[in-house]
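Asks: Next come a sequence and a model predicted from it.
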Amino acid sequence: LSEKLQNLMKKIKGQARITEKDVKEMMREVKLALLEADVNFKVVKEFINTISERAVGSEVLESLTPGQQVVKIVHEELIRLMGSTPAKITFSPAPPTVYMMVGLQGSGKTTTSGKLANLLRKDGKKPLLVACDVYRPAAVKQLQVVGSQLNIPVFEMGTGQDPVDIARKAVEHAKSMQFDVVIIDTAGRLHVDAELMEELKRIKQSVKPHEILLVVDAMTGQDAVNVAGSFNDQLGIDGIILTKLDGDTRGGAALSTKAVTGKPIKFVGMGEKLNDLEPFYPDRMASRILGMGDVLSLIEKAQEAFDEKKALELEKKMRSQQFTLDDFLEQMQQLKKMGPLSQVLSMLPGMDAKALKGIDMDDKQMARTLAIIQSMTPQERANPSILNASRRQRIARGSGTSVTDVNRLLKQFEEVQKMIKALQGKKGSRWMKGLGGFR
Ligand code: GDP
Ligand code: MG
């Protein structure tokens with residue numbers, strides 16, 4: 001999130017209601033963030049109008065600051081725009097299911113054909129790849145290489161044949177050989193042109209693909225929107241695959257292509273390797289476009305994951321300084337479900353990012369922590385100050401760890417206790433109610 005936006009968020013903290021002026025100021029920043037992320041200008045304008053309406057006068061949730069609330073609304077609307085639930089690829093009731101991959105040259109059609117075949121095979125399908133880019137000898141060869149890497153058959157008739165014939169014969173072949181998925185890799189051009197569209201229409205006419213999937217390079221930003229619009233108007237598409245999202249693009253193209261075509265993004269390409277294809281998750285993309293990691297989903301998860309009653313109990317305990325290693329363990333386990341601990345903690349106002357270093361635990365560390373705490377007597381858990389050297393040695397032996405491990409855990413526990421104390425002095429108690437933890 002841009003720094004300015006963050007400052008604004010701080011400024012309007014502590015208000016009960018969001019005013020029109022706050023929204024206006026924040027919207028300016030949101031607009032910039034979206035344009036920076038390559039979202040189409042028209043899309044941004046419409047979007048900002050919707051958000052402003054929703055945000056002005058909306059009541060602030062107890063557990064959020066007003067600034068966070070606006071960002072939450074922006075985030076929710078972004079998700080809504082991109083389709084609230086992930087769009088799945090569909091299969092024909094009468095196999096083989098034929099997918100036709102279309103797009104500009106270099107967008108990633110051939111690579112993505114292979115990735116898709118790979119993904120569907122993991123799902124138990126038997127895919128056939130079809131080489132219909134007959135203009136460059138290298139194109140057929142490229143698909144063959146992809147096929148042999150994956151050990152997936154490739155149907156080809158070399159170059160110089162009519163791609164419509166190839167496609168038709170490939171589908172016949174697939175039927176007789178019991179392939180249940182046919183993925184047709186087509187030719188692209190540098191720009192959308194009439195000749196290419198004609199050819200694609202003829203292939204479509206001939207094999208009646210179950211889905212036409214448009215492959216779009218996310219790095220092309222604004223261009224992606226025009227390309228998607230043209231293909232959808234002229235050929236009709238069923239879904240979009242956005243490639244090269246592993247680059248540093250913010251992914252604004254995702255928002256724009258969906259807004260312009262109304263067609264869902266079904267997968268995203270996350271690298272050059274043939275495993276690097278993932279389902280498209282609107283919520284992740286919304287966070288990426290806003291450039292704020294997964295902060296909001298963490299806020300939401302935090303709210304869900306914590307049982308209100310437990311939270312109150314915990315708060316009481318902390319107030320009376322009885323926060324024990326048992327509580328620590330339980331909290332660690334709860335937090336672990338939400339993602340990296342340092343990220344969860346750093347969302348909280350007044351948290352010092354530096355103090356959070358080294359607090360993250362992977363599963364192995366978590367298991368070790370569990371073992372160490374379980375090797376302590378109840379008395380030790382309630383009052384770690386009695387843990388002298390010989391007790392620490394005994395615990396290390398009992399848990400199959402080392403004294404260093406035990407010391408490290410105790411140090412972490414101390415850090416957390418310190419943070420709790422700091423929070424207790426501040427407005428933190430509101431957070432503790434909302435998020436129900438020492439965080
Ligand atoms: P086509 O002309 O549409 O068939 O595109 P290709 O499949 O030949 O891909 C063009 C280039 O983009 C190749 O170098 C691919 O390795 C690369 N590419 C495709 N998808 C991705 C992706 O998701 N991430 C990255 N980093 N590179 C990709
Ligand atoms: Mg190709």
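Replies: Arrived safely. Ligands and ions are numbered 1, 2, ... in the order given.
Asks: hey, let's count contacts and neighbours off CA atoms from now on
Replies: Noted.
Asks: For L129, what are phi and psi?
Replies: Per-residue torsions, L129: phi -90, psi 140 (degrees, to the nearest 10).
Asks: Can you list the low-confidence ranges for the stretch 301-439 of the chain?
Replies: Within the stretch 301-439 of the chain, the ranges that satisfy pLDDT under 70 run 301-323, 331-363, 419-439.
Asks: mind redoing it with 50?
Replies: For the stretch 301-439 of the chain, applying pLDDT under 50 flags the ranges 301-303, 305-307, 348-350, 426-439.
Asks: Kindly report the residues of the stretch 101-250 of the chain close to ligand 1.
Replies: Counting by Cα under 6 Å from any ligand atom, the residues of the stretch 101-250 of the chain close to ligand 1 are L104, Q105, G106, S107, G108, K109, T110, T111, T243, K244, D246.
Asks: The second one and N232: what is the separation?
Replies: Spatial separation of Q105 from N232 under the definition Cα to Cα, to the nearest Å is 17 Å.
Asks: Quick check: pLDDT value at the residue lying closest to I51 once chain neighbours are set aside.
Replies: Residue nearest to I51 in three dimensions, not counting chain neighbours: V74, with 6.3 Å by Cα to Cα, 6 or more residues apart in numbering. V74 carries a pLDDT value of 82.
Asks: Can you show me the helices along the stretch 151-300 of the chain?
Replies: Secondary structure of the stretch 151-300 of the chain (DSSP state H, counting those that start in this stretch): helices at 163-176, 194-207, 222-234, 252-261, 282-290, 295-305.
Asks: how's this structure carved up into domains?
Replies: The chain breaks down by automatic domain parsing into domains covering 3-81, 97-290, 297-435.
Asks: Touching stretch 271-284 from outside, list them.
Replies: 75, 79, 82-88, 111-112, 114-116, 118-119, 243-246, 265-270, 294 (Cα atoms under 8 Å, 6 or more residues apart in numbering).
Asks: if you compare the domains of the chain, which one is most tucked away?
Replies: Burial of the domains of the chain is given as mean neighbour count (mean count of other Cα atoms under 10 Å); domain 97-290 ranks first at a mean of 20.
Asks: just how off-centre is that domain within its chain?
Replies: Relative to its chain's centre, domain 97-290 lies at 22 Å (Cα atoms, centre = their mean, to the nearest Å).
Asks: Against A194, how distant is K201?
Replies: 10 Å.
Asks: whoops, I mixed them up, F231
Replies: Per Cα to Cα, F231 is found 11 Å from A194.
Asks: Same check on E414?
Replies: Using Cα to Cα, one gets 69 Å for the distance from E414 to A194.
Asks: quick one: contacts for the closest residue to L245 other than its chain neighbours?
Replies: Leaving aside its chain neighbours, L245 sits nearest to M270 (5.3 Å; criterion: Cα to Cα, 6+ apart). Contact analysis of M270 by Cα under 8 Å, 6+ apart lists T243, K244, L245, D246, D276, L277, E278.
Asks: Equivalent analysis for Q178, please.
Replies: By Cα under 8 Å, 6+ apart, the neighbours of Q178 are P96, K126.
Asks: among the residues of the stretch 101-250 of the chain next to ligand 1, which are in helices?
Replies: K109, T110, T111 (DSSP state H).
Asks: Pretty sure the second one sits against L143.
Replies: In other words, T110. Yes. With contact defined as Cα atoms under 8 Å, T110 counts as touching L143 (6.2 Å).
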